[in-house]
Each structure stands twice: as C-alpha cells, then as structure tokens.
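Peer 1: Mind looking at a prediction? Sequence and model below.
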Amino acid sequence: MRSYKETVAYLFNKLPVYQRIGTAAFKKDLTNIQALVSHLNNPHKGIPYIHIAGTNGKGTTAHMMASVLQESGLKVGLYTSPHYVDFRERIKVNGEWIAEDYVVEFVTNLDDTLTTVQPSFFEITVAMAFAYFKSEQVDIAVIETGLGGRLDSTNIIDPILSIITNISLDHVQMLGPDIYTISKEKAGIIKKDRPIVIGKYQSECDQVFMHKAKTEEAQLTWASLGWSFKDGSSQAEPNKASFRHATSGTKHEIALPDNGPFTIANIMTALEGVRVYNNLEFSKVIDKNTIEKGIEKFKANSNYYGRWQILQSSPLVIADSAHNYDALKIVLSHISKGNYKKVHFVIGFVSDKDVDKVLDLFDVNQVYYFTKPAIFRGMPVSDLAETAEQKNLRGKTFTDVPEAIDAAIDQAGPDDLVYVGGSSFVVADALAYIKLRQ
C-alpha cells in the first residue's frame, strides 16, 4: 500500500489538477462527482449542510461559520480549498485534519474507479470530504465551493442554508467575462425553499440573485444591508467592534480576531448566516455569547491560516491570499493606512492572471521582490518583472518565494512591512518555507 506522501503525489500526478494545468481541469458538468458519490453509496446525503460560494471571503466565512457551530457543541465538518502546505487542510472535523490513513485507504479503494470515471483532483477531494464526514457522523458540515457554483462539484448537496459572499472578476475563462455572468454561475447554489444570504449588496448582480431566489422560493437577505458596524475599541480593549442588526436590533460586541482588511465584512456575513440559521425550524438556537466566542476564536477552533497571517513580527511579515483585482485593491488600501516606514512586496502570480490591471494598484514608491510560485502555472518571473517595469514598479527578481522572502527580510527595517502575496500559491510556498525554518 502507498504511504500518505505517495498517495498525495499519486493524486497530483494522475488526476487533472487546476493548480497544475488550469482550465483543463475544470469540468463543466456534475457527471463525474455524481458517479463517484454513487459508487460510494451517496455519503453526501443525510447531513445538514451550509454551502458557501463567492469570489472573495468565502473561505474565511466558512471557517467562521464552522467555529460558531463548533462552539455551540456541534460536531462540525469543514471542507475548503485550496490547501497551503498539507492536503489534509481541505477536510476537517472540529478543526482537526482528516487522518492520513483515511486518505490512503480512500484512494486505494478507488483505484479502479479512477480509471473508469477519470475524475479531476477536485472531484476526488469533494467525494472524500463527503465520505469522511459521513464516517465521522458529523452533526453538520460547512462546504466551500471551488471556483463557481452552478457546476461546482460541491453543488450536489441540498443545504439548509446557502451563502454567497460577493462577486468580483476572477477566473473569467471559466465563469464568464463580467460580474453579471459570474453572479449567475454563483447563484447556482441557491436551492428550492432554502434561505440564501448574500454578503455584499452589489447593484450589478442584485437582480440575478433576486430572480433566482424568487424562482426557487428561497428567502433572500443581504448581510451588508442588515448589519452595521461601529468601532468600539478603547485603550483597554483596542480591537473591540460593535455590530447591530437593523431589523431585529440584535447587538454583538466582538473582539476582532485580527486587523485584516476583510475582517468586518466577513464577520457581518457570518453573523447574518448564523442569524438565518437560528431561524430554521429544526436548528438548535445558538446564543449571543456563543456566537461572539465562536467568531473571536475562529482561527483556533477551525485551524485557520493563510489569510492575512503574521509570519514574524520584526520586521512584520504578513502573508495574504488576495489574488484578484478587487481583493488586492482593498488589501493595498488597508496597507496604505498602516504606520509603516516602507513596504516590501514579495509578489508572484499565476500565468492566466491579468496582472496588467492588477499592477496598476501598486505604489511606485515601495520596494518589490518579484518571484514565481512553485507550480507549473506560475507566471515566469521575467514576464512579471517586465510588466511591472512598464508600470514603474522596479525591483529585483528571484527564482523562488523563499529566496525573495529572505531578501525582503534582510532589507526591511524594524518599522517596515514585508507583504507576501499575489497568489494563494505564493502564500503556500511562504508557509512551507516558514515551517521549515522553525
């Protein structure tokens, strides 16, 4: 029998993997996943699900929802993607990664099926998650979509609640060229008579969501319209925030888990998700204190990392997985408001990313370390540097992420920021490197 490392390598090498080959790994129907779960006796059935899609923030919102449910005493499955360092990050129960032995046994037992069905890497991981959650007898599972919604492999579930965080231009080769088209794909997770929460109100796609919700007779609410935020920090509690729901009057005082650029929006989406969940007939109502503790402790409860993660403090090094125009615009605005003497950007992208537009967001007065994530689809560093030069973003090129990080840390002063990002795969390389150094 293969070892765990051999099994993961087998999956990466044998199956179409998006991070390796891009759009060729994207399946435009649900045939394969349906064949896989049928072979496994439909493990996805009989479990209550919360299904989460969106362009940005869906992973963090999924972790927050899972943490609140876990804090209430439930046994909670959580499926997210991609992983950063270890494949098992994708599948967790109450924050604990899936066991290595289970991964090996699951793949070994499917060897013949892999030949006949020829699934993608993502389809296998989704089927594995369903099977594992069934075997662990979870009370509920939170499922993050991969790329889209309508044709995403996770969309064979019948959730008790669906959440769409927001819509931005990303993965346009697969999902469509504009916000309207992409929103129609994401709206595919809205199900018959199942409530749907939209995190951010956007006029470009509100009609899409309202039409789909009306067609499916699904109750629709927007988190950003229902919840307001007020800074409640003080010298004693510097990171305190106050949230209030306009209709119900519900209030939450929450110590922010971090000072990341998306924290407030993600918390409001999670709060609306929990509020709607509490109104479901069969749900055990989660009390105010538990909700607040679940959000405050979500990183520890759900074993969360890779998003706005502090890698070291002096100089401050932060890795963040924002990788599209809208997300990076928010991140860079947030950084510009920080009290940093200089910002050192360690950045790399994948080859199918429209970096020309993205690079317009960066400040010409900062320092750049151009690199390439260690995946086949990584953008050649020479191409990145050439495009950056046209934007007057000047810096040095590095063959890999660890080399670039070392150079940035070496050059940074104690009051500087080293930001590592541009792609989740750059963050993955950074996390793996920091782990090796510890």
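Peer 2: Alright, I've got the coordinates.
Peer 1: Count the neighbours of the nearest residue to residue 366 once chain neighbours are set aside for me.
Peer 2: Excluding the flanking residues, the one nearest residue 366 by CB to CB, 6 or more residues apart in numbering is residue 343, at 4.5 Å. For glycine as for every other residue, the C-beta is placed from the backbone atoms N, C-alpha and C. Close neighbours of residue 343, defined as other CB atoms under 10 Å, add up to 22.
Peer 1: what are the phi and psi values for residue 343?
Peer 2: phi -120, psi 130 (degrees, to the nearest 10).
Peer 1: do the same with residue 342
Peer 2: Dihedral angles (degrees, to the nearest 10) for residue 342: phi -150, psi 150.
Peer 1: about what we covered before: show me the contacts for the residue nearest to residue 366.
Peer 2: 335, 363, 366-367, 416-419 (CB atoms under 8 Å, 6 or more residues apart in numbering).
Peer 1: Filter the residues you listed down to the ones in strands?
Peer 2: Counting by DSSP state E, these place 367, 417-419 in strands.
Peer 1: Show me where the stretch 1-150 of the chain has its strands.
Peer 2: Taking DSSP state E, counting those that start in this stretch as the criterion, the stretch 1-150 of the chain carries its strands at 49-53, 76-79, 91-93, 96-97, 140-144.
Peer 1: My error: substitute the stretch 151-300 of the chain in the last question.
Peer 2: 161-164, 196-198, 220-222, 227-231, 240-245, 251-255.
Peer 1: Spatially, what comes nearest to the spatially most central residue of the chain if we skip its sequence neighbours?
Peer 2: Centroid-nearest residue in the chain: residue 59, 2.8 Å away (criterion: CA atoms, centre = their mean). Nearest residue to residue 59, sequence neighbours excluded (CB to CB, 6+ apart): residue 80, at 5.0 Å.
Peer 1: give me every residue that touches that neighbour.
Peer 2: Residue 80 touches 59, 62-63, 89-90, 144, counting by CB under 8 Å, 6+ apart.
Peer 1: Pick the one among those residues closest to residue 358.
Peer 2: Closest to residue 358 out of those is residue 59 (20.0 Å), distances taken as CB to CB.
Peer 1: surely that closest one meets residue 305?
Peer 2: No. Residue 59 is beyond contact range of residue 305, at 10.7 Å (criterion: CB atoms under 8 Å).
Peer 1: picking that back up, which one of the contacts of residue 343 is nearest residue 247?
Peer 2: Using CB to CB, residue 335 comes nearest to residue 247 of these, at 34.9 Å.
Peer 1: isn't the closest one right up against residue 421?
Peer 2: No. Contact between residue 335 and residue 421 fails when scored by CB under 8 Å: they sit 10.4 Å apart.
Peer 1: between the two, which one's more packed in?
Peer 2: residue 421 (24 against 18).
Peer 1: On the pLDDT front, check the more buried one for me.
Peer 2: Among the per-residue scores, residue 421 shows a pLDDT of 96.
Peer 1: Excluding sequence neighbours, find me the nearest residue to it.
Peer 2: In this structure, residue 421 finds its nearest non-sequential neighbour in residue 320, 4.7 Å apart by CB to CB, 6+ apart.
Peer 1: Quick one: neighbours of that neighbour, just the number.
Peer 2: For residue 320, using other CB under 10 Å, the count is 25.
Peer 1: quick one: it from residue 90, how far?
Peer 2: Going from residue 320 to residue 90 by CB to CB, to the nearest Å gives 19 Å.
Peer 1: of the contacts of residue 80, closest to residue 373?
Peer 2: residue 89 (16.9 Å).
Peer 1: Can you list the buried residues in stretch 311-319?
Peer 2: Neighbour-count burial for stretch 311-319 flags 311, 315-319 (criterion: 16 or more other CB atoms under 10 Å).
Peer 1: Make CSV from the contacts of residue 80 and add pLDDT and distance to residue 403 to it.
Peer 2: Output for the contacts of residue 80, formatted as CSV (pLDDT from 0 to 100; distance: CB to CB, whole Å):
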residue, pLDDT, distance to residue 403
59, 94, 28
62, 98, 33
63, 98, 31
89, 96, 25
90, 97, 28
144, 97, 32
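Peer 1: now, which of the residues you listed lie within helices?
Peer 2: In this view, the contacts of residue 80 that belong to helices under DSSP state H are 59, 62-63.
Peer 1: which one is residue 125 nearest to, not counting chain neighbours?
Peer 2: residue 90 (5.6 Å).
Peer 1: hang on, I meant residue 272
Peer 2: Per CB to CB, 6+ apart, closest to residue 272 is residue 223, 3.7 Å.
Peer 1: Touching, residue 8 and residue 85? I think so.
Peer 2: No. At 11.5 Å, residue 8 does not count as touching residue 85 under the criterion of CB under 8 Å.
Peer 1: I appreciate the help and will end here.
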